[in-house]
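Q: sharing a model that was predicted from the sequence below.
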Amino acid sequence: MYLFYYNDTILTLQGIFNILDLYLNEIELFYNDVDHYFRERISNSLKIGVITVDNIEIVLKDVISF
């Protein structure tokens, strides 16, 4: 009898953790898309393709004067 309740509890917790894992993965994908969107918008507005270590000073100068 107790084994039945134990198995149900384990399955319920496993289901909750699976749902939580899917939810957190979707949130991570959403924020990665938002981050990518803003990086593109900033790069396009500054007319710089990719922000690198070499051009970061130019980018920051343009952002400050923007």
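A: Thanks, I have the structure now.

Q: going forward, measure contacts and count neighbours with C-alpha atoms only.
A: OK.

Q: which helices and strands sit right next to the worst-scoring helix or strand of the chain on mean pLDDT?
A: Of all helical and strand segments in the chain, the minimum by mean pLDDT, DSSP states H and E falls on helix 56-64, at a mean of 76. Where contact means 3 or more Cα pairs under 8 Å, 6 or more residues apart in numbering; DSSP states H and E, helix 56-64 is packed against helix 2-46.

Q: now do 6 Å
A: Packed against helix 56-64 by the contact rule (3 or more Cα pairs under 6 Å, 6 or more residues apart in numbering; DSSP states H and E) you find no helix or strand.

Q: tell me which residues of that helix are tucked away?
A: Of the residues in helix 56-64, residue 59 count as buried by neighbour count, 16 or more other Cα atoms under 10 Å.

Q: put the alpha carbons of it into PDB.
A: The C-alpha trace of helix 56-64 is given here as PDB (Å, rounded to 0.1, in the frame of the first residue of the first chain):
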ATOM      1  CA  ILE A  56      34.200  48.300 -28.900                       C
ATOM      2  CA  GLU A  57      35.700  51.800 -28.300                       C
ATOM      3  CA  ILE A  58      34.100  53.100 -31.500                       C
ATOM      4  CA  VAL A  59      30.800  51.500 -30.600                       C
ATOM      5  CA  LEU A  60      30.800  53.000 -27.100                       C
ATOM      6  CA  LYS A  61      31.800  56.400 -28.500                       C
ATOM      7  CA  ASP A  62      28.800  56.200 -30.900                       C
ATOM      8  CA  VAL A  63      26.500  55.000 -28.200                       C
ATOM      9  CA  ILE A  64      27.400  57.900 -25.900                       C
END
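
Q: what's the angle between that helix and helix 2-46?
A: Orientation of helix 56-64 against helix 2-46 (axes from the mean of the first three to the mean of the last three Cα atoms, to 10 degrees) gives an angle of 80 degrees.
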